[in-house]
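K.L.:
please find the sequence and the predicted model below.
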Amino acid sequence: MDENKRIVDIDGVKIEVDLRTAKKIDNFKVGDTVKVLDKCSSSDKIRPGVIVDFAEFSELPTITIAVYIEPYYSSDCPTVKFIYYNKESAKDYDIVPCSVDELKVSRDGVCELFENEIAKKKKNYDDLVNQYEFFKERFLKPITNLTESEV
């Protein structure tokens with residue numbers, strides 16, 4: 001048999017399909033996990049994603065996908081980026097279905113990265129609030145509020 005042809009069994013009916021003209025059809029629904037091939041990155045990067053919405057525009061139907069971007073350096077923050085997959089963006093991205101086991105992302109590990117980053121940001125926020133309060137209290141006091149020892 002020709003390598004471009006395959007026999008497909010559909011409900012007991014055998015059909016010969018020419019793979020050169022066959023069209024692949026994937027069915028997706030909100031919540032499905034997918035692998036996203038980012039063709040725009042310097043080295044085609046496969047990232048885990050989850051479908052979050054379908055926008056059924058008449059001109060350009062679009063799938064919204066939340067994509068997890070791993071931190072490149074340990075000091076970087078993990079990121080969730082939203083991409084909009086449609087006929088126009090297909091040149092930049094490709095998506096395929098995958099199981100949760102295929103994602104190669106540890107839920108606990110990613111949650112820990114986010115929690116650590118949140119703790120850092122909270123500490124930075126607290127430090128900034130303390131500096132602000134210190135500045136308001138100690139700098140640029142009105143002269144009438146100064147004691148004789150401060151003059």
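P.N.:
Yes, it's here.

K.L.:
Three-state assignment for the residue most central in space within the chain, please.
P.N.:
By C-alpha atoms, centre = their mean, the chain has its centre lying nearest to V67, at 2.3 Å. What DSSP: H, G, I helix; E, B strand; the rest coil gives for V67 is strand.

K.L.:
ok, it touching P78?
P.N.:
No - applying C-beta atoms under 8 Å as the test, V67 and P78 come out as separate, 11.4 Å apart. The C-beta positions use only the backbone N, C-alpha and C, and glycine is treated the same way.

K.L.:
ok so, going back, so what pairs up with the residue nearest to the centre of the chain in the strands?
P.N.:
G49, K81 (DSSP bridges).

K.L.:
now for it: which residues touch it?
P.N.:
V36, D38, R47, P48, G49, V80, K81, F82, I83 (C-beta atoms under 8 Å, 6 or more residues apart in numbering).

K.L.:
just these now: which is nearest F28?
P.N.:
Nearest to F28 out of the contacts of V67 is G49 (C-beta to C-beta; 10.9 Å).

K.L.:
and the closest one, what does it touch?
P.N.:
T33, V34, K35, V36, I65, A66, V67, Y68, I83, I95 are the contacts of G49 under C-beta under 8 Å, 6+ apart.

K.L.:
the second one: how many residues sit nearby?
P.N.:
Spelled out, that is V34. By other C-beta atoms under 10 Å, 23 other residues sit near V34.

K.L.:
any weak-confidence spans in this protein?
P.N.:
Within the chain, the ranges that satisfy pLDDT under 70 run 1, 11, 23-25, 43-44, 141-151.

K.L.:
rerun that using 80 as the cut-off
P.N.:
Where the chain drops to pLDDT under 80, the residues are 1-4, 8-12, 18-26, 41-44, 71-76, 100-107, 140-151.

K.L.:
mind listing the helices for it?
P.N.:
107-138 (DSSP state H).

K.L.:
outline the domain layout of it.
P.N.:
25-104, 108-141 (automatic domain parsing).

K.L.:
which one of those domains is the most hemmed in?
P.N.:
Neighbour counts (mean count of other C-beta atoms under 10 Å) averaged over each of the domains of the chain peak at domain 25-104, with a mean of 13.
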